[in-house]
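one predicted model, sequence on top.
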Amino acid sequence: MGTQAYEPAAPESKQRREIQKYTKQAEFGLRIVGMRVYDKVTDDYICKGKSFGTSLMTNDQVIGALQMFFCLDGDSSKTVCPSEIDGIMWQLTEIKDWFESSNSEIAFYAGSILIVYEGDATSSTASEPPAVKMIDFAHVCRKQGGDEGYLKGIKTLLAMLHEIRNTMP
């Protein structure tokens with residue numbers, strides 16, 4: 001999450017390397033670094049790594065990756081329940097609200113958002129709500145004004161999820 005994955009005091013060579021990893025990070029405020037989705041049809045997991053995430057160059061491609069994560073990429077037998085996305089959006093909104101109202105001194109460089117949900121409505125854990133957690137705090141710094149870059153990433157993710165949710169029944 002965030003518009004940059006390096007601390008402000010990082011050497012210029014480190015800054016260049018990080019920017020080259022995903023040139024769209026400043027634009028989107030986020031980067032998909034991996035996902036694992038259970039496929040009920042094949043009874044196996046679909047795993048996507050960093051190279052998949054860094055290949056996403058347009059807004060539509062990132063939305064397509066999110067649709068894949070939520071099994072909304074064409075096979076209705078695998079589709080996630082709309083309430084799962086609603087729960088994820090609610091939790092992301094809580095994080096966004098914290099950044100907007102309470103975080104005036106902390107920046108989270110190279111931090112992540114972990115999203116976990118139960119995609120099988122018939123599972124014994126299907127009643128558990130989705131989980132959205134901030135993780136990866138190795139590069140947290142004090143910064144007057146908070147972290148506009150991380151906030152941009154959350155807002156971008158929320159907008160994309162809103163777009164996906166509006167296409168669902």
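Sure thing, it's come through. Numbers count the residues shown, from 1 in each chain.

only C-alpha atoms from now on, for both contacts and neighbour counts.
OK.

count of neighbours near residue 157?
Neighbour count for residue 157, taken as other CA atoms under 10 Å: 21.

so it sits in a helix?
Yes - assessed with DSSP: H, G, I helix; E, B strand; the rest coil, residue 157 lies in a helix.

ok, it to residue 133 distance?
14 Å (CA to CA, to the nearest Å).

where does this structure have low pLDDT?
Residues of the chain meeting the criterion pLDDT under 70: 73-79, 121-126.

check the offset of stretch 98-114 from the chain's centre.
14 Å (CA atoms, centre = their mean, to the nearest Å).

and it, how far apart are its ends?
Stretch 98-114: ends 17 Å apart by CA to CA.

again, but for stretch 119-139
32 Å.

what does it rub up against?
With CA atoms under 8 Å, 6 or more residues apart in numbering as the test, stretch 119-139 has contacts from 6-7, 38, 40, 70, 78-81, 84, 87-88, 91-92, 108-118.

which members of those residues are positioned in helices?
Judged by DSSP state H, those include 84, 87, 88, 91, 92 as members of helices.

and which of these is nearest residue 18?
Closest approach between the ones in helices among the contacts of stretch 119-139 and residue 18, by CA to CA: residue 92, at 25.2 Å.

doesn't residue 156 make contact with the closest one?
No - in this structure residue 92 lies outside contact range of residue 156 using CA atoms under 8 Å: 10.8 Å.

list the contacts for the residue most central in space within the chain?
Centroid check for the chain by CA atoms, centre = their mean gives residue 113 as the closest residue, at 5.5 Å. For residue 113, the contact set (CA under 8 Å, 6+ apart) comprises 1, 132, 133, 134, 135.

dump these to a markdown table, plus secondary structure.
As requested, those are arranged in a markdown table below (three-state DSSP):
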| residue | secondary structure |
| --- | --- |
| 1 | coil |
| 132 | strand |
| 133 | strand |
| 134 | strand |
| 135 | strand |
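
farthest pair in those residues?
1 and 132 (13.1 Å).

the two: which has the busier surroundings?
Each of residue 1 and residue 132 has its neighbours counted (other CA under 10 Å); residue 1 has more, 25 against 18.

of residue 92 and residue 156, which one has the most company?
It is residue 92, of residue 92 and residue 156, that has more neighbours when counted by other CA under 10 Å, with 22 against 17.

report the buried members of the contacts of stretch 119-139.
6-7, 38, 70, 78-81, 84, 87-88, 91-92, 108-113, 116-118 (16 or more other CA atoms under 10 Å).
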